[in-house]
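1. kindly return the folded structure for what I paste below:
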Amino acid sequence: MNVERAPSAVEVVFRDLVPLPSLEGDIRRRADKLRRWAPDLTSCRVVVEAQANRHRTGHVYTVKIDVRLPGEEMVAGEHHASEEIALAVQGAFDAIGRRLQDHERRRRGQVKQHATKP
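-> Here you go, the predicted model:
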């Protein structure tokens with residue numbers, strides 16, 4: 001059975017750096033993989049930003065991901081910064097992936113219930 005899903009909009013924004021086509025392709029591929037945990041994903045916005053020009057130490061890159069589901073919005077990545085742009089992207093996608101997994105478990109009722117004290 002072939003079930004067709006509604007396409008989700010993936011928006012990639014580069015701030016204070018030149019857009020890198022190879023990085024944008026990697027980001028779009030990672031965003032498509034988020035559907036494993038959230039098949040009802042409606043949009044995904046990824047902002048890659050180069051923070052203040054550091055002449056001696058190089059740029060620090062931050063990646064912020066904003067994901068929208070029906071009736072809910074999740075943001076991750078505000079704490080993922082690195083001098084390696086690929087590591088910042090990986091950290092932000094790992095964080096949003098964990099949040100989506102947790103959301104899906106709660107939605108399915110697969111969250112462990114703690115015993116109440118008598």
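2. so what does the helix or strand of the chain at the bottom of the mean pLDDT ranking touch, helix or strand wise?
-> Least confident helix or strand of the chain, by mean pLDDT, DSSP states H and E, is strand 81-82 with a mean of 83. For strand 81-82, the helices and strands in contact under the criterion 3 or more C-beta pairs under 8 Å, 6 or more residues apart in numbering; DSSP states H and E are strand 60-69, helix 85-108. For every residue, glycine as well, the C-beta is placed using N, CA and C.
3. can these go into TSV with extra columns for distance to Phe14 and mean neighbour count?
-> TSV is the format used below for those (distance: least, C-beta to C-beta, whole Å; neighbours: other C-beta atoms under 10 Å):
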stretch	distance to Phe14	mean neighbour count
strand 60-69	10	21
helix 85-108	10	17
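4. so which of these comes closest to Pro19?
-> With C-beta to C-beta, the closest approach to Pro19 among the helices and strands packed on strand 81-82 belongs to helix 85-108: 11.9 Å.
5. output that closest one as PDB, nothing but the C-alphas.
-> What follows is helix 85-108, C-alpha atoms only, in PDB (Å, rounded to 0.1, in the frame of the first residue of the first chain):
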ATOM      1  CA  ILE A  85      29.700  24.200  11.000                       C
ATOM      2  CA  ALA A  86      29.000  20.500  10.400                       C
ATOM      3  CA  LEU A  87      29.200  19.800  14.200                       C
ATOM      4  CA  ALA A  88      26.700  22.600  14.900                       C
ATOM      5  CA  VAL A  89      24.300  21.200  12.300                       C
ATOM      6  CA  GLN A  90      24.600  17.700  13.700                       C
ATOM      7  CA  GLY A  91      24.100  18.800  17.300                       C
ATOM      8  CA  ALA A  92      21.000  20.800  16.500                       C
ATOM      9  CA  PHE A  93      19.400  17.900  14.500                       C
ATOM     10  CA  ASP A  94      20.300  15.400  17.200                       C
ATOM     11  CA  ALA A  95      18.500  17.700  19.800                       C
ATOM     12  CA  ILE A  96      15.400  18.200  17.600                       C
ATOM     13  CA  GLY A  97      15.300  14.500  16.900                       C
ATOM     14  CA  ARG A  98      15.300  13.600  20.600                       C
ATOM     15  CA  ARG A  99      12.500  16.100  21.200                       C
ATOM     16  CA  LEU A 100      10.400  14.700  18.400                       C
ATOM     17  CA  GLN A 101      11.000  11.100  19.600                       C
ATOM     18  CA  ASP A 102       9.900  12.200  23.100                       C
ATOM     19  CA  HIS A 103       6.800  13.900  21.700                       C
ATOM     20  CA  GLU A 104       5.900  10.800  19.700                       C
ATOM     21  CA  ARG A 105       6.200   8.600  22.800                       C
ATOM     22  CA  ARG A 106       4.000  10.800  24.800                       C
ATOM     23  CA  ARG A 107       1.400  11.000  22.000                       C
ATOM     24  CA  ARG A 108       1.300   7.100  21.800                       C
END
